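Undergrad: structure for the following, please:
(2 chains)
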Amino acid sequence: MFRAEPLVKIRLHMLASEVADAALELARFGIYSPARHTPEQLSENPAAVYRETWLEVEARTAKLIERCGDLPPLSIPEGAEAPTLVDLEELNIWLKEVWNTCLAAYDGEVRIAEEIRHLDALQDTLGRLEHLNVDLAYLLRPDGLLAVNIGSLPAPSVKRMGEALAMTGYVIYNFDTIGDQVYAVIAGPRDRHDEVRGLLSQAGWRELPVPPELRTHPRTARAWLSEERQRVEERNIAECAALESLRGKYRSGLDEARLRVELGRPLAEAAVLGVRGQGALASLSGWVPKRRADELKEKLEERFHGHYWLAIEETNRHEAATTPSLVRYPAWLTPFVPLVRSYGVPRYGEFDPTLPFALTYLLLFGAMFGDVGHGAVIAFLAILSSRRLGRAAWLGIAAGSVSMLFGLFYGSVFGFEDVIQPVWTSPMHDPIRMLGIAMAFGVGFIVLTMLVNTFNRLASGRVAEALFDSGGLAGLAFYIGATGGLASLAGAGTPALPFWTLALAGIVAVAIYKWLETDAGFAERALVTTIETMETAINLFANTLSFLRVAAFSLNHVALALAVFTIANGLDTAGHWITIFLGNVVIIVLEGGIVAIQALRLMYYEGFSRFFSGDGHEFVPLKLMDAR
Amino acid sequence: MNPSTAYLNTRVSLFASRLWQAEDFSALLATEHAEMAGVLAEHGLPQLAAGFDTLDNRSLEQRIISRLLDETTVLIRPLSGPPRNFLIYWIERFEIGNLKTLLRGKMTGERPAVILSRLIPMGAFGRLDIEDLAHAEDVGELLRHLESSPYADIVRPARRAFEESHDPFILDAALDRSYYEGLEHRASPLEAAAGDAFRRLMSSLIDRLNLVWLLRYRFNYKLPPAQVYFLLVASRYTLSSAQLRKLAALGSQEEVLSALPESLRGLLAEVNGIPEVFARMEHHTVDIARKVLHADCPAIARAFAYLILREHDLRAVRAVLRGRLLGLPEADIRLAMFHPAAGSA
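TA: Residues are numbered from 1 along each chain as shown, chains lettered A, B, ... in the order given. Okay, here's the model as predicted:
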């Protein structure tokens, strides 16, 4: 929980023909993360074509399932084998054929939908053509000198189309607009119609066929339209039945395709990083937890009966930057993990701050927003939304509960300080004490972060940094010494001299370390050492003062409540309670939000930035879809 | 001067020192093979220096565009509103190029992996889900996907035209036209604010495209005047829409060139063929861009001028590297550097 699990590097060599099954076995094992650490001699990627074909199969299967749908949940049989490249290629061809068949059926549906829209448009057109006051039969006769087209084009093209048509002696007359389509009549000399044909294509002109039935009396035309609509609807029913029959016909095949996609996924995903080879030899490389290495050996032996070679190697501490981090958390801690991850992933071997983060974050939130009533509202709302929020609701429940606990300490219920007796004290009654406690908490917190930083540096082999840098033991000695010295000056009753000696020794050690670490000329070295040493001292105390906000917000909470009561007391009974209610809503939403952010800010900037590089990367195991 | 304008001006001035002079190109042509990587690195092109002699044309193009994308990222940092939109749209030309590669790949039935390897990585400027698009079954499906992409406005007219004709030329031409009309639309609010310098740059760019397309469509592809006019960008610059209509109706290349407005007629005097028209007009654009860059012009105009010049330079460097790799004579490389083939978008 405090550190990533120890991992070992594995290299699994086997025949290239068995690599897909090996990847599948590793995915079933569920705790193998692919990575590239194979010998350079294995320079080929034997799974590249496999991955390429798998991607095509996966894309086609996904599209078909989206169209055909209704497949039962996927279950992967225990002994199922991974598809070979040939299997995938055959499946790809079959899927393409199915796609073409389905596409034809789907296009049929689309065409019918278009025909229905077209009939709607014709109906509208008929209504408008009636107002044109033109004899359509005469206008559209094929033997006239005038060539006439009736159709539609995108509205933005109309102006340009008109200008272009004018160059050939044609005119355009718009008689209707539906959506972004303009319906128009184009007319001009028949002998120049060839010049216009290309232009019409270019402009996306869609001819509106005016059937002979429409070139007649409107009443007759309307009867024709009604018959036509009935005919299209009958075809629609037939097409739907055909599509449904196709769905039935291909459903089992698609189910099988989906299974094969899942069985091929491990090798296709591992191919990006963890598969290399040469000739008939292939190698899968990556990371597994050390505690599961023996189990992995047993699984492989059971499956491949010695037809493989497995190399297991301890992780080198110098590889910490490239080794993934696998940390296990108890269920109650998982809602806090995203808050830590939003800062960064702990590097392999580094201290994982999730548990101290969770405890300190809640403590800070409660201290700054201590109120039984407000805490209860937050916890209640979190419980109400637990179905939607999932585990994240626990965050709200925990924050609300801690807020209630501090509310009991402060004796505050919805800002009223006379309802219950404080178990400890109300912040407003002794603000100086609150500020002192906040500062002491800050000192303790910073000491803890510096110890963690020292541990992290030692864990990654940077001993000098751990001992002498400003964030290491020397910096810690200075901080404890200077804090103790200042406390003595402020009358804490402790002897000052040992503290100041410790502080001096610490800061001198930091300065010497900075001097030795700076690679520059004398003057620049002196400047850098002086400035960085001063910065160490200033930063540590600035960071400590930053914790005063914990007391400030606890005071602020009471002050806000007082402001609400002052306004409420100036109003009549109804106004009084409405103001109390609205004021408490504002306090919960506004101050609750601010306090949540401030607590997070303290954790990130005064805590994490001191010891947590956050530049690690997650251990992402190969897994089968039904296990994810 | 507000801080963002000062930042942009300073940035452009700093970047301007990276531009190549004619003598730099001559020196590059004369550089020994062993020293080439060092010379490229000295000129701030470390991306091209590594493995310059083994790169295929596509990798070289990808690195050049990657450089332009990086520099555009820096230039747009202080910008907001129309100037930012304009520069981003200008750089999105390369994504329109990707879009055309996807369409051509689908027309010729290439496998998704092959198509994907040809695309230019657009980094933070990429707005297309290229994996998804490359796995479309055919052009129709690809166009349907694109219609729900950020390029819907560019693709919609092209799709409609393609559905009616199934002609790849019509598709390409419609995409180009829609893209440049979009560019003109985005330039419009800047021309009022950034003044004459910006307008001159836009004018030289759109006039060049319109004239070269007009000559090519009319006299190489023998399209009828009305269709040619429709394929051109609706313009408000030197070659206005009314003038383009008149020019498209003329019967020969010579007639078109002699009917041009005075400023362009002088520029194209005794020109020999469409590639030379393109080369002279591109040279003219480069001249204008240099003047704008070194004059006291609005920052956005200088930034646009810089991007034009930088792209021109990088393409000339590419011509040198490719020419030497193919063992072409120096004269041919010089021709490719300064008279690149008249291209579209």
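
Undergrad: count the residues that sit near the residue of chain A found nearest chain B.
TA: Distances between chain A and chain B by C-beta to the nearest C-beta are smallest at residue A:204, namely 3.0 Å. Quick note: C-beta positions are derived from backbone N, CA and C, even for glycine. Residue A:204: 24 surrounding residues under other C-beta atoms under 10 Å in any protein chain shown.

Undergrad: my read is it is in a helix, agree?
TA: No: counting by DSSP: H, G, I helix; E, B strand; the rest coil, residue A:204 falls outside a helix, being coil.

Undergrad: what sits against residue B:87?
TA: Contacts for residue B:87 (C-beta atoms under 8 Å, 6 or more residues apart in numbering or on different chains) come out as B:72, B:75, B:76, B:79, B:300, B:303, B:304, B:307.

Undergrad: dump the residues you listed to TSV, plus distance to chain A and neighbour count.
TA: Shown next, in TSV, are these (distance: C-beta to the nearest C-beta, whole Å; neighbours: other C-beta atoms under 10 Å in any protein chain shown):
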residue	distance to chain A	neighbour count
B:72	28	20
B:75	29	25
B:76	27	19
B:79	28	20
B:300	27	24
B:303	30	30
B:304	26	29
B:307	28	20
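
Undergrad: which one of those residues is nearest residue B:20?
TA: residue B:307 (14.6 Å; C-beta to C-beta).

Undergrad: element containing the closest one?
TA: Element membership of residue B:307, judged by DSSP states H and E, is helix B:299-325.

Undergrad: would you tell me what the next helix or strand after that helix is?
TA: Following helix B:299-325 toward the C-terminus (DSSP H and E): helix B:330-338.

Undergrad: just the mean pLDDT for that next one, thanks.
TA: Helix B:330-338 comes out with an average pLDDT of 75.

Undergrad: go through that helix and flag the buried ones.
TA: B:333, B:334, B:335, B:336, B:337, B:338 (16 or more other C-beta atoms under 10 Å in any protein chain shown).

Undergrad: and the residue of the stretch 101-250 of chain B closest to chain A?
TA: Closest point on the stretch 101-250 of chain B to chain A, by C-beta to the nearest C-beta, is residue B:160, at 3.0 Å.

Undergrad: Three-state assignment for that residue, please.
TA: Strictly by three-state DSSP, residue B:160 counts as helix.

Undergrad: hang on, the earlier thing: would you turn the buried residues of helix B:330-338 into CSV with distance to residue A:150?
TA: Converted to CSV, the buried residues of helix B:330-338 look like this (distance: C-beta to C-beta, whole Å):
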residue, distance to residue A:150
B:333, 57
B:334, 57
B:335, 52
B:336, 51
B:337, 53
B:338, 52
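
Undergrad: could you pick out which of those residues are near chain A?
TA: Among those, no residue lies close to chain A (C-beta under 8 Å from any C-beta of the partner chain).

Undergrad: between these, which sits nearest chain A?
TA: For these, the nearest to chain A is residue B:336 (32.4 Å; C-beta to the nearest C-beta).

Undergrad: pop the domain breakdown of chain A in here.
TA: A:7-93+A:246-319, A:115-229 (automatic domain parsing).

Undergrad: dihedrals phi and psi, residue A:448?
TA: phi -60, psi -50 (degrees, to the nearest 10).

Undergrad: next: residue B:238.
TA: According to degrees, to the nearest 10, residue B:238 has phi -50, psi -50.

Undergrad: for residue B:21, same thing?
TA: phi -100, psi 170.

Undergrad: now do the contacts for residue A:416.
TA: residue A:561.

Undergrad: okay, and the beta partners of it?
TA: residue A:413 (DSSP bridges).

Undergrad: residue A:23: which element?
TA: Residue A:23 belongs to helix A:19-29, assigned by DSSP H and E.

Undergrad: same check on residue A:147?
TA: Going by DSSP H and E, residue A:147 is part of strand A:146-154.

Undergrad: what is the helix holding residue B:307 packed up against?
TA: The helices and strands touching helix B:299-325, judged by 3 or more C-beta pairs under 8 Å, 6 or more residues apart in numbering or on different chains; DSSP states H and E, are helix B:3-16, helix B:22-30, helix B:33-42, helix B:57-76, helix B:81-91, helix B:168-215, helix B:274-294, helix B:330-338.

Undergrad: so how far is the first one from its chain's centroid?
TA: Here the centre of helix B:3-16 is set off from its chain's centre by 23 Å, with C-alpha atoms, centre = their mean, to the nearest Å.

Undergrad: how about the longest one?
TA: Distance, stretch centre to chain centre, for helix B:168-215: 10 Å (C-alpha atoms, centre = their mean).

Undergrad: equivalent analysis for the fourth one, please.
TA: Here helix B:57-76 shows a centroid-to-chain-centroid distance of 13 Å under the convention C-alpha atoms, centre = their mean.

Undergrad: may I have it as PDB, with CA atoms only?
TA: Provided in PDB are the C-alpha atoms of helix B:57-76 (Å, rounded to 0.1, in the frame of the first residue of the first chain):
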ATOM      1  CA  ASN B  57      10.200  11.600 -49.300                       C
ATOM      2  CA  ARG B  58       7.300  11.000 -46.900                       C
ATOM      3  CA  SER B  59       9.500  11.100 -43.800                       C
ATOM      4  CA  LEU B  60      11.200  14.200 -45.000                       C
ATOM      5  CA  GLU B  61       7.800  15.800 -45.600                       C
ATOM      6  CA  GLN B  62       6.600  14.700 -42.200                       C
ATOM      7  CA  ARG B  63       9.600  16.300 -40.500                       C
ATOM      8  CA  ILE B  64       9.200  19.500 -42.300                       C
ATOM      9  CA  ILE B  65       5.500  19.800 -41.400                       C
ATOM     10  CA  SER B  66       6.300  18.800 -37.900                       C
ATOM     11  CA  ARG B  67       8.700  21.700 -37.700                       C
ATOM     12  CA  LEU B  68       6.000  24.100 -39.100                       C
ATOM     13  CA  LEU B  69       3.500  22.800 -36.600                       C
ATOM     14  CA  ASP B  70       5.900  23.400 -33.700                       C
ATOM     15  CA  GLU B  71       6.600  26.900 -34.800                       C
ATOM     16  CA  THR B  72       2.900  27.600 -35.300                       C
ATOM     17  CA  THR B  73       2.200  26.400 -31.800                       C
ATOM     18  CA  VAL B  74       4.600  29.000 -30.400                       C
ATOM     19  CA  LEU B  75       3.200  31.800 -32.600                       C
ATOM     20  CA  ILE B  76      -0.400  31.200 -31.700                       C
END
